[in-house]
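Asker: how does the following fold in three dimensions:
(chains A and B)
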Amino acid sequence: MTTPHSLQFNSDHQLQHLLSIEGLDQRLLTEIMDNAESFASLANQPVKKYPILRGKTVVNLFFENSTRTRTTFELAAKRLSADVINMNIATSATSKGESLLDTIRNLEAMHVDMFVIRHALSGAAHFIAQHVAPGISVINAGDGNHAHPTQALLDMFTIRRHKNDFSSLRIAIIGDILHSRVARSQIQALSILGAKEIRVIAPKTLLPIEVNALGVSVSHTLEEGLQDIDVVIMLRLQKERMSGALLPSESEYFNCFGLTQEKLAIAKPDAIVMHPGPINRGVEISSEVADGPQSVILQQVSYGIAIRMAIMSLIMQTPGRHHT
Amino acid sequence: MTAVLITGGRIIDPANAIDKVGDLFIKNNRIISLFDRPNDFTAVQTINAKDHIVCPGLIDLSAHLREPGQTQKATILSETTAALKSGITTLCCPPDTHPINDTPAVTEFILDKVEHANAATVLPIGALTQGLEGTKLSAMAALHKAGCIGFSNAHNPIKNTLVLRRTLEYAASHNLCVIIRPEDPWLQDQGCVHEGIPASRFGLPGIPKASEIIAIQQSLALCELTGCRIHFSQLSCSESVNLLKAAKHKQLPVSADVAIHQLFFTENELNTFDSALHVRPPFRTETDKQALLDGLKGGVIDAVCSAHQPHDADAKLGAFPSTQPGISALETLLPLILKLIETKALSLSQGISWVTQNPASILALKQGSLTTGSPADICIFNPELTWTVNENNWLSQGRNTPLWGQTIKGKATQIIKSGQVFSS
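Answerer: Alright, predicted model coming up:
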């Protein structure tokens, strides 16, 4: 039987698709981060290209809007010398009634090597990976509330650059955990890397049921939850959560769960502040903190390119992936 | 009229507490004798049932046929044939067809197609409210006269409790059974799996148990108020079993069934995002699965249904939440009942009662037993015959089953309906 774990690997146990952090091991996560280190240094070179994916075609297939993720995937692929096509599905055939599978089949017929997929529904990337031709790889750039593995990896990379050893770290993830694919992937990555404690801080309306089973501790206040924290990860709060009876108002949310300089002072003095973006200033985070000395939010964005280069090159260099 | 002799089979008739090898005699479409040959009996057709089990034809309380309206998924001909050849001689079809079965004309259309199909008997379930909209009562008396056996709002729970109360009062006035698939429309929301740890892990929208619990509690309170006969369809939670147990203890006129696949799968199988496992109500926990089985064994749950929902391939191709719920389950009902009997060390007689005598008594049907004089609806099956679920053996137009490709045991070999003999 196919499991999400086995689907990501080919018969030689090498990474064929990146769909979820679940099923990856510490060695692989470390290898990806190590490779990202060498790509990160490339950013300072006058010529920013490697020929690793020369002659390959990467399709960014975004069924949901995104600026940051799509752009960094595009830059990553281009810096590896791939040909890149961006498909914004709001303007494509799906809005004319074409099914997800038909869209994939049509693009496959154009001899694509890799799909980078973002979709509003959990499981979409798995579905596509199960149905693409054997030689094609799929990278999940976010599916519903399920997973966003490249974001989690760039976050781990950012943490590692600042904090080194995961086993001594207490990390707090704050905000809408329930609807966050980023949080789910971060929790899995931090567990695999052996973090000392992963804490989620949110009202119950924004927490998945039995969230402890994911390997986290739970707090409902910043005052309690930020104690002894080394890394603070803020999540974006979607405005539509206000209308769905999940929260009373933006101001009440900010008063309870918004990260201000005063609240941040509860965490360790050298705590770093992260956010996957785009940020809502004055909703989940104050400008003072977002732009302050402890914030590493913009570094996350630039590391995103290096991490995605590392993942794409790892997957595309998997031997035996061309026996179609 | 033909006279049929079924000889040498193990005759199991839970309604009459019979489990004995012997002969069964059919004449004029009726069972005329068990074990003892009537004096003037001359068989026109003899069926050797040695090493086979002879039991009443199965009765399925919920099987979607998709016609009228969704013949790309299935037709009355395809599904009643699949049912009959799997040993199911009688089935009830929910009203959520297109058009909805809320007028006698639709009921008559269905029954006309059924007659032409000459396969399983179909007892349509009429819509409880017009258009299943939950606002106006349907013409239950006229629908009953046209052939509807009971009334249900299918998977469209009635939001307005006053309307629900009125439907129950009205049904009770005509002595009609109301079938409720208990779901709270608000808590149900956009859920597609059980709200548990796998749902949290995979970021899939969950349906809490409270959705079913609240709906049952609400219906039970209204059952007490109105005295209406209520059958709860396709229970999924341990708490529901407890509620039913208490209601039966209070002697409320209630009964319940469980879908066969609820006794085999749990939320833990969801980790493949396999749309074949997308069902409604969702697969819940191991504890719930066990409680449902215990409820059946203890008689709190009366019957097992197939909850057959055939789909076209496209309905199951997509990201899990976008796929349509349901399993094509007619043909695996008997093998799975047999598997349950084998793995849980149950008696054949008890297992067979869940799909014969018990559903018959819920709907006060004359079928479901081998009582002398009753209609000759009989299933003869080989409990040891193994077969593979694949395109060579499958009859339903819907191939959406998580058992596709698997080898299972037990198959109906001859089926008799109203005295007419069919081979599978």
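Asker: need phi/psi at the residue lying closest to residue B:18 once chain neighbours are set aside.
Answerer: In space, and not counting its chain neighbours, residue B:18 is closest to residue B:11: 5.8 Å by CB to CB, 6 or more residues apart in numbering or on different chains. The C-beta positions use only the backbone N, C-alpha and C, and glycine is treated the same way. Main-chain dihedrals, residue B:11, degrees, to the nearest 10: phi -90, psi 120.
Asker: quick one, helices of the stretch 201-324 of chain A?
Answerer: With helices called from DSSP state H, counting those that start in this stretch, the stretch 201-324 of chain A shows them at A:222-225, A:250-257, A:261-264, A:287-290, A:297-316.
Asker: check the stretch 1-150 of chain B too.
Answerer: Using DSSP H, counting those that start in this stretch, helices in the stretch 1-150 of chain B cover B:76-85, B:104-117, B:140-146.
Asker: now do the last one: which elements does it pack against?
Answerer: Just to be clear, that refers to helix B:140-146. Helix B:140-146 sits against helix B:104-117, strand B:121-127, with contacts defined as 3 or more CB pairs under 8 Å, 6 or more residues apart in numbering or on different chains; DSSP states H and E.
Asker: try 10 Å this time
Answerer: helix B:104-117, strand B:121-127, strand B:150-152, helix B:161-173 (3 or more CB pairs under 10 Å, 6 or more residues apart in numbering or on different chains; DSSP states H and E).
Asker: name the residue of the stretch 151-300 of chain B that lies nearest to chain A.
Answerer: Closest contact between the stretch 151-300 of chain B and chain A, by CB to the nearest CB, is at residue B:203 (3.0 Å).
Asker: let me see the contact set for residue 207.
Answerer: The chain I'm using is chain A. A:176-178, A:183, A:200-201, A:216, A:218, A:220, B:200 (CB atoms under 10 Å, 6 or more residues apart in numbering or on different chains).
Asker: my bad, the chain I had in mind was chain B
Answerer: B:183-184, B:187-196, B:199, B:236, B:280-282, B:284.
Asker: burial of residue B:39, as a residue count?
Answerer: 5 (other CB atoms under 10 Å in any protein chain shown).
Asker: need the pLDDT of it.
Answerer: Looking at residue B:39, its pLDDT is 92.
Asker: same check on residue A:108?
Answerer: 85.
Asker: what of residue A:190?
Answerer: 98.
Asker: that one: helix or strand, and which one exactly?
Answerer: helix A:181-192 (DSSP states H and E).
Asker: by contact count, what packs against that helix?
Answerer: Using 3+ CB pairs under 10 Å, 6+ apart, helix A:181-192 is in contact with helix A:26-42, strand A:137-143, helix A:149-163, strand A:170-174, strand A:197-201, strand A:231-234, helix B:197-202.
Asker: quick check: residue B:347 touching residue B:341?
Answerer: Yes - applying CB atoms under 10 Å as the test, residue B:347 and residue B:341 come out as touching, 7.3 Å apart.
Asker: for the residue of the stretch 151-300 of chain A found nearest chain B, which non-adjacent residue is spatially closest?
Answerer: Nearest to chain B in the stretch 151-300 of chain A, going by CB to the nearest CB, is residue A:208, at a distance of 3.5 Å. Among residues not flanking residue A:208 along the chain, residue B:200 sits closest, at 3.5 Å (CB to CB, 6+ apart).
Asker: and what of residue A:266?
Answerer: Per CB to CB, 6+ apart, closest to residue A:266 is residue A:226, 4.0 Å.
Asker: and the one you found, how far is that from residue A:161?
Answerer: 22 Å (CB to CB, to the nearest Å).
Asker: got it, and residue A:215?
Answerer: For residue A:215, the distance to residue A:161 - CB to CB - is 24 Å.
Asker: so what's the residue count around the residue nearest to residue A:208?
Answerer: 22.
Asker: ok, the one 4 residues further on next?
Answerer: Other residues within reach of residue B:204, judged by other CB under 10 Å, total 28.
Asker: give the contact list for it.
Answerer: A:121-123, A:144-146, A:208, B:191-195, B:198, B:267, B:270, B:273, B:278, B:282, B:319-321 are the contacts of residue B:204 under CB under 10 Å, 6+ apart.
Asker: let's see 6 Å
Answerer: A:122, B:192-193 (CB atoms under 6 Å, 6 or more residues apart in numbering or on different chains).
Asker: distance check, it against residue A:122.
Answerer: 5 Å.
Asker: what do you get for residue A:174?
Answerer: Distance from residue A:174 to residue A:122, by CB to CB: 22 Å.
Asker: if anything else comes up later, I'll come back, but that's it for now.
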